[in-house]
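In: I'll drop the sequence and a predicted model, then ask my questions.
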Amino acid sequence: MRRLTALFVVLLCASTFAQPPAPIVLRAARWLDVSAGQVRAPAVVVVQDGRIASVGGEIPPGARAVDLGDVTLLPGLIDVHTHLTGDLEGDWVTRDVRELPADAALRGARNAKRTLEAGFTTVRNLAAGGFADIALMKAIDAGMVPGPRMIASAHALGITGGHCDATGWAPGILEGGPEEGIVDGVDAAIRGVRYQIKHGARVIKICATAGVLSFDATVGAQQLSDDEIRAIVEETTRHGLKVAAHAHGTQGILAAVKAGVASIEHGSMLNDEIIALMKKKGTYLVPTAYLLTAMPLNLPPPIAAKAKQIIPLAQESHRQAIKAGVKIAFGTDAAVYPHGVNAREFAVYVGYGMTPIDAIRTATVGAADLLGVGDRGTIAPGQLADLAAVPGDPLKDIKVMEQVSFVMKGGVVVRGPGVQ
């Protein structure tokens, strides 16, 4: 009898611990229906098992209520161009020869938390050395450190001496090959793609042109050849992934769009031909626009000169693309300015001529479409319970997007009322 009693107690305890967590009911004054472009009131969102179970309707018994008060509930935001493992703090110019990938991953853990608490529950991380971003992505997925869901690229692919290469050092210092993203010729380009994917890349980034924050002489010249870009896109597509192309100059942008990249990052020197082709092929533009208004002051003179040259060209290109109806996905290049203020990008888009709802869509349904993830970007049953809240009505004042007071990721409250 004692054995039977003990067995019963064990089974009772096991069944108690095996029970799923109670549903959470989020209450707020309003919620944003991104698809309809309307703010609806009130918000009653039931969350269970990490997903949205219902919006409105009956509240299940035993649910735990979280009252958010006078805020607007939003889908978790998405930033498709970040560099979580980097920043421009201190002597960032020589950092690559002084630090290890582990240092970058630890820096990334700090920046990932800041980004998540700013309401960004998903990011695409475009380039990091030594697979530091892959390590960070895995640590976040395993619940070891807090951060947004990551789609990481590992090393960006570019030519020897180009924007994606570490230039300015003596021969023999920081030399790289396809494994480190330095590719010259079609065969090396294909190997570079395969090696990044082998070690965890979920997107491939290329440097189709020169750039600003590097010491190559030009800012817009095409670097990867047409054949190399095509080979990278074809190989990446075979693996079921997409290509993001860093591209400032006209010829490199055009080559990347023709090759079939999913997105053009920066897009500083667009023309009518490129805009028409991007619309035809459905290529996204990721403007990284706020940084054009907040470029750091501590740039080395050669880099500062390139920034001064490119900023007005990029701003005009972005206005023209938005006016023409090119698809826009929200991306910030966070690291060039401090992590955690990503939402300042929204007001720039509105200044370019977007409506507030269309600006918000760039970081929700638009970004989700670019990333190929259909389980986020709206508040609807079945979606991931990735949510954020802001005061006021963002359709009337887009600046409130910079005042996130509540964040939930996968049904777990990470900022605001309900944090456990």
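Out: Looks like it came in fine. Numbering: from 1, shown residues only.
In: contacts for stretch 320-332?
Out: 77-82, 124, 263, 265, 267, 270, 275-276, 278-279, 282-288, 290-291, 342, 345-346, 349, 352-354, 362-363, 366-367, 369-370 (Cβ atoms under 8 Å, 6 or more residues apart in numbering). Heads up, the C-betas are built off the backbone N, CA and C, glycines and all.
In: can I get the buried part of these as one ChimeraX selection?
Out: Selection command for ChimeraX covering only the buried members of these, criterion 16 or more other Cβ atoms under 10 Å:
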select :77,78,79,80,81,82,124,263,265,267,270,275,278,283,284,285,286,287,288,290,291,342,345,346,349,352,354,362,363,366,367,369,370
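In: can you pull out the low-pLDDT segments for the stretch 201-350 of the chain?
Out: 297 (pLDDT under 70).
In: how about the strands in it?
Out: With DSSP state E, counting those that start in this stretch as the criterion, the stretch 201-350 of the chain has strands at 204-207, 243-247, 263-266, 284-286.
In: closest one to residue 159 among those?
Out: Closest to residue 159 of the strands of the stretch 201-350 of the chain, according to Cβ to Cβ: strand 204-207, at 7.7 Å.
In: return the alpha-carbon coordinates of that closest one using CSV.
Out: C-alpha atoms of strand 204-207 as CSV (Å, rounded to 0.1, in the frame of the first residue of the first chain):
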residue,chain,number,x,y,z
ILE,A,204,23.9,35.6,-47.6
LYS,A,205,25.1,39.2,-47.7
ILE,A,206,27.3,40.5,-50.5
CYS,A,207,29.2,43.7,-51.0
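In: tell me what that strand is packed against?
Out: In terms of contacts (3 or more Cβ pairs under 8 Å, 6 or more residues apart in numbering; DSSP states H and E), strand 204-207 is packed against helix 186-198, helix 226-238, strand 243-247.
In: mind running it again at 6 Å?
Out: strand 243-247 (3 or more Cβ pairs under 6 Å, 6 or more residues apart in numbering; DSSP states H and E).
In: and the angle for the strand it packs on with helix 186-198?
Out: 120 degrees (axes from the mean of the first three to the mean of the last three Cα atoms, to 10 degrees).
In: residues contacting strand 243-247, please?
Out: 126, 203-209, 233, 236, 253, 256, 261-265 (Cβ atoms under 6 Å, 6 or more residues apart in numbering).
In: ok, stretch 203-223 next?
Out: Contacts with stretch 203-223, where a contact means Cβ under 6 Å, 6+ apart, come from 126-127, 151, 153, 156-159, 162-164, 167-168, 193, 224, 232, 236, 241-249, 251-252, 256, 269, 303, 306-307, 310.
In: from the middle of its chain, how far away would it be?
Out: Put simply, stretch 203-223 sits 20 Å off its chain's centre (Cα atoms, centre = their mean, to the nearest Å).
In: quick check: end-to-end length of that stretch?
Out: 20 Å (Cα to Cα, to the nearest Å).
In: among the contacts of stretch 203-223, which ones are buried?
Out: 126-127, 151, 153, 156-159, 162-164, 193, 224, 232, 236, 241-249, 251-252, 256, 269, 303, 306-307, 310.
In: this protein: helices as residue ranges?
Out: Applying DSSP state H to the chain gives helices spanning 2-18, 95-98, 101-117, 132-141, 186-198, 226-238, 250-259, 272-281, 301-324, 344-351, 356-362, 365-371.
In: what mean pLDDT does the first one have?
Out: When you say that, I think you mean helix 2-18. Averaging pLDDT along helix 2-18 yields 48.
In: i'd like the first residue to be 305 from this point on
Out: Let's use 305 as the start, then, which means that last one is helix 306-322.
In: what's the domain layout of the chain?
Out: 323-379+682-719, 381-675 (automatic domain parsing).
In: and those, which is most packed in?
Out: Here the criterion is mean neighbour count by mean count of other Cβ atoms under 10 Å, and of the domains of the chain the winner is domain 381-675, at a mean of 21.
In: between the helices of the chain, which gets nearest to residue 390?
Out: helix 405-421 (7.0 Å).
In: who are the packing partners of that closest one?
Out: Going by 3+ Cβ pairs under 6 Å, 6+ apart, helix 405-421 lies up against helix 436-445.
In: next, the angle helix 405-421 makes with the helix it packs on.
Out: 50 degrees.
In: dump helix 436-445 to PDB, keeping only the CA atoms.
Out: Coordinates of each C-alpha in helix 436-445 appear next as PDB, following Å, rounded to 0.1, in the frame of the first residue of the first chain:
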ATOM      1  CA  ALA A 436      30.200  35.600 -33.900                       C
ATOM      2  CA  ASP A 437      26.700  36.400 -35.100                       C
ATOM      3  CA  ILE A 438      26.000  32.700 -35.600                       C
ATOM      4  CA  ALA A 439      27.100  32.000 -32.000                       C
ATOM      5  CA  LEU A 440      24.900  34.800 -30.700                       C
ATOM      6  CA  MET A 441      21.900  33.600 -32.800                       C
ATOM      7  CA  LYS A 442      22.300  30.100 -31.300                       C
ATOM      8  CA  ALA A 443      22.600  31.400 -27.800                       C
ATOM      9  CA  ILE A 444      19.400  33.400 -28.200                       C
ATOM     10  CA  ASP A 445      17.600  30.500 -29.700                       C
END
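In: so how far is that helix off the chain centroid?
Out: 14 Å.
In: residues in contact with it?
Out: Contacts of helix 436-445 (Cβ under 6 Å, 6+ apart): 389, 405, 408, 409, 412, 429, 449, 451, 454, 456, 458, 504.
In: cheers, nothing more for now.
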